[in-house]
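In: Can you look at this prediction? I've put the sequence above it.
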Protein chains: 2
Amino acid sequence: MVFSGSGGQGIITAAVILAEAAVLHEDLIAVQSQAYGPEARGGASRSDVIIADSEIRFPKVTQPNVLVCLTQEAYNKFYSIIRPGGLLLTDTRYVRTWDKVDARQREVPMFQTVMDRIGNPVVLNILMLGVLIRLTEIVRPESIMKVLETRIPPDFLEMNRKALYLGTELGSSFIS
Amino acid sequence: MVFSGSGGQGIITAAVILAEAAVLHEDLIAVQSQAYGPEARGGASRSDVIIADSEIRFPKVTQPNVLVCLTQEAYNKFYSIIRPGGLLLTDTRYVRTWDKVDARQREVPMFQTVMDRIGNPVVLNILMLGVLIRLTEIVRPESIMKVLETRIPPDFLEMNRKALYLGTELGSSFIS
């Protein structure tokens, strides 16, 4: 999987949380990475996660099965790398998709939902994880929650829980 | 480089900050990753950073030039992977080194210093980065600060700055 967006959207954090959930609570194996090159100096950033049920030999994602784009710039830069037949998840508000790719395309109002229902964009990444795990069933929401419980200060845990389950609910309406 | 320790010590964050500083402010290229396997279920965790001045083809660290161990468990698990002639940086309080490796060994009172001078263990990872960049000269402290300025809430920035420069100062006394 590749999560892409801009700095400050929490895509590295989301990737780390997903990887930890898979390993600690689902008996899977994971590698999570960021590759930075000259292009990192401004523009879209990406964060990769590989989840498998056996050893991962080459830890680099070239053609993701799942591509998440939270900004237009990220979409423009990465949409073409998706694996044929994969899942392309974009934010309705920030991304206008402009080319047909051979993928299940899901344009989901993630930013809109987080603002309307929680009012704080800081948990957009957690809501996105909710949508993603509902669409892919890669890990259970409870596994994400267990990781959040160890990472998030108690005062913010409820907001994160709400974002996660808003995400799974939102994801349900985009399953076809 | 491999940073190792236990969950909650901020080793992933330290690795991400170092990678971003190298790429955004030093004209280098970096890959930062976490590999999680069955062993992640309890015990020592690790976070890898590769920094180079040209393309990084294989993003996995097998023999690090620099190994940082912040807990005994991390040291026991990883000390043997260090590249001959590399730098082994351990925390005096938490790690008792018990085998001779072919490396520059530096046992530095990082935890002690952060507690005595700042009183908050949350910035141990930043102090460690200060020591590390002083011993390796891989990036300048100003480059780390620029990244911290974009990531740390204003109220906590001064504590992070203090930790970083305490680290560089402490590192200076361990150069031989």
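Out: Arrived safely, thanks for sending.
In: OK, contacts around residue A:96?
Out: residue A:72 (Cβ atoms under 8 Å, 6 or more residues apart in numbering or on different chains). Quick note: C-beta positions are derived from backbone N, CA and C, even for glycine.
In: Please report the distance of it from chain B.
Out: The gap separating residue A:96 from chain B is 27 Å, by Cβ to the nearest Cβ, to the nearest Å.
In: quick one, phi psi at the closest residue to residue A:171 other than its chain neighbours?
Out: Of all residues beyond its chain neighbours, the one nearest residue A:171 is residue A:134 (3.0 Å), with distances taken as Cβ to Cβ, 6 or more residues apart in numbering or on different chains. With angles defined as degrees, to the nearest 10, residue A:134 sits at phi -70, psi -40.
In: Then the one 5 residues further on?
Out: The phi and psi values for residue A:139, taken as degrees, to the nearest 10, are phi -140, psi 160.
In: Can stretch A:1-8 be said to contact chain B?
Out: Yes - counting by Cβ under 8 Å from any Cβ of the partner chain, chain B has neighbours in stretch A:1-8: A:7, A:8.
In: mind checking the end-to-end distance for that stretch?
Out: For stretch A:1-8, the first-to-last residue distance is 19 Å (Cα to Cα, to the nearest Å).
In: for the helix or strand containing residue A:112, packing partners?
Out: Per DSSP states H and E, residue A:112 falls inside helix A:110-117. Using 3 or more Cβ pairs under 8 Å, 6 or more residues apart in numbering or on different chains; DSSP states H and E, the elements in contact with helix A:110-117 are helix A:124-136, helix A:154-172.
In: secondary structure class for residue A:96?
Out: coil (DSSP: H, G, I helix; E, B strand; the rest coil).
In: List, one by one, the residues from chain A near chain B.
Out: Proximity of chain A to chain B, by Cβ under 8 Å from any Cβ, involves residues A:7-8, A:12, A:16, A:19-20, A:22-24, A:29-38, A:40-41, A:55-56, A:58-60, A:150.
In: Of these, which belong to strands?
Out: For these, the ones inside strands are A:29, A:30, A:31, A:32, A:33, A:34, A:35, A:36, with DSSP state E as the criterion.
In: Return the helix or strand in chain A with minimum mean pLDDT.
Out: strand A:29-36 (a mean of 92; mean pLDDT, DSSP states H and E).
In: Measure how far that strand is from the centre of its chain, please.
Out: 13 Å (Cα atoms, centre = their mean, to the nearest Å).
In: Which residue does chain A have closest to chain B?
Out: residue A:33 (3.5 Å; Cβ to the nearest Cβ).
In: wait, isn't the residue nearest to residue A:171 in contact with residue A:168?
Out: Yes - with contact defined as Cβ atoms under 8 Å, residue A:134 and residue A:168 form a contacting pair (4.4 Å).
In: Could you point out which residue ranges in chain A have low pLDDT?
Out: A:39-42 (pLDDT under 70).
In: redo that, cut-off 90
Out: A:7-8, A:35-45, A:54-62, A:98-101, A:151, A:153, A:176 (pLDDT under 90).
In: on that earlier part again, now the least confident helix or strand of chain A and strand B:29-36, what's the angle there?
Out: Compare the direction of strand A:29-36 with that of strand B:29-36 by axes from the mean of the first three to the mean of the last three Cα atoms, to 10 degrees and you get 170 degrees.
In: could I get strand A:29-36 in CSV with only the CA atoms?
Out: This file holds the C-alpha atoms of strand A:29-36, laid out as CSV (Å, rounded to 0.1, in the frame of the first residue of the first chain):
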residue,chain,number,x,y,z
ILE,A,29,4.3,-9.3,9.2
ALA,A,30,4.8,-5.8,8.1
VAL,A,31,7.4,-3.4,6.7
GLN,A,32,6.7,0.3,6.8
SER,A,33,8.9,2.9,5.0
GLN,A,34,9.4,6.3,3.6
ALA,A,35,11.7,7.0,0.7
TYR,A,36,12.8,10.6,0.3
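In: Note down every partner strand of whatever helix or strand comes next after it and its orientation.
Out: Using DSSP H and E, the helix or strand that follows strand A:29-36 in sequence is strand A:45-52. Applying DSSP bridges, strand A:45-52 is found paired with strand A:2-5 (antiparallel), strand A:29-36 (antiparallel).
In: re the thing from before, buried set for the helix holding residue A:112?
Out: Judged by neighbour count using 16 or more other Cβ atoms under 10 Å in any protein chain shown, the buried positions of helix A:110-117 are A:110, A:111, A:113, A:114.
In: Show residues contacting stretch A:70-82.
Out: Outside of stretch A:70-82, the residues within contact range by Cβ under 8 Å, 6+ apart are A:2-6, A:9, A:11, A:39, A:43-46, A:62-64, A:67, A:69, A:88, A:90-91, A:94-97, A:99, A:101-103, A:110-111, A:124, A:128.
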